[in-house]
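A.B. asks: my questions concern the predicted model and sequence given below.
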Amino acid sequence: MKIERPQKSEMCPVGSHIVKGHFRVCQSGTKTWIDTHRRKNRGKKFIYLSENLLYLYWMTKKSYKKINAIKPFKGYHEFDSIIQFWLEFWNSRFKNLPKIDPLLIKALIAKESSFNPKADPQVSHSSAYGLMQIVDKTRKALAGHIKSSVTKEYIAVERKDLEDPVINIAVGIRWLILKYYNVQKKKGNKLHNAIKAYYGSKNEKENNEYFQKILNYYNSSL
């Protein structure tokens, strides 16, 4: 899969958003076409939109190394730089995070979607979508629309946006970080507990089985 770089008109720096081209109707009834342009966000809430996430990734000039393939999957190295970029970016935005091996995130993606950017579980009770299977509740929580532990670094994206690997992985790693902060009082390895919480089943056995599958992928791919 080749990941296409977006057009400049589809990206903009954090703190602004893109207003797509549209007709404006004057009081006289005359229609005037307004070209696509950037506009500064209103309010004090610091939030990342899809166009901001794309801008952050695609404007970086740093190169990243290849991550091992997840056995039995072959390759999928097109996601390697995206995983490493967002791990570094979110690590720069939050304090006291553990060092997360990019291979572990790649193993999580293998478990969640088998590397299918349009993975849809096709079950009535799930809204999960994309590489890291982001559900609607996660999107709403990260955008600050429902009660959660999110107090900064908000993200607001649409479900359709999650088809883009850059956006999906940005959101997925941000959500994993939130889970990491939420399990601080729980006994055991905090990162492992965060991955179990990422799955989020009320059945602890299912959470453990989920994590073990990811760990198996990870260990067999070292």
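C.D. replies: Thanks, I have it.
A.B. asks: neighbours of the residue nearest to residue 116 when sequence neighbours are not counted, how many?
C.D. replies: The spatial neighbour of residue 116 that comes closest, neighbours along the chain excluded (CB to CB, 6 or more residues apart in numbering), is residue 131 at 7.3 Å. Yep, even glycine has a C-beta here, placed from its N, CA and C like the rest. Per other CB atoms under 10 Å, the neighbour tally for residue 131 reads 29.
A.B. asks: residue closest to the middle of this structure?
C.D. replies: Within the chain, one residue has its C-alpha closest to the average C-alpha position: by CA atoms, centre = their mean, that is residue 171, at 2.0 Å.
A.B. asks: what helix or strand is that residue located in?
C.D. replies: Secondary structure here is read from DSSP states H and E; on that basis residue 171 sits in helix 165-182.
A.B. asks: re earlier: quick one: contacts for the residue nearest to residue 116?
C.D. replies: By CB atoms under 8 Å, 6 or more residues apart in numbering, the contact set of residue 131 is 79, 109, 112, 113, 115, 116, 117, 119, 165, 168, 169, 172.
A.B. asks: for residue 154, see how far away the closest residue to residue 121 other than its chain neighbours is.
C.D. replies: Excluding the flanking residues, the one nearest residue 121 by CB to CB, 6+ apart is residue 128, at 5.3 Å. From residue 128 over to residue 154 the distance is 21 Å, taken as CB to CB, to the nearest Å.
A.B. asks: that's a helix at residue 193, yeah?
C.D. replies: Yes: according to DSSP: H, G, I helix; E, B strand; the rest coil, the state of residue 193 is that of a helix.
A.B. asks: surely it is in contact with residue 184?
C.D. replies: No: taking contacts as CB atoms under 8 Å, residue 193 lies outside contact range of residue 184: 9.1 Å.
A.B. asks: those two: which has the busier surroundings?
C.D. replies: Here residue 193 and residue 184 are compared on neighbour count by other CB under 10 Å; more neighbours surround residue 193, at 19 against 10.
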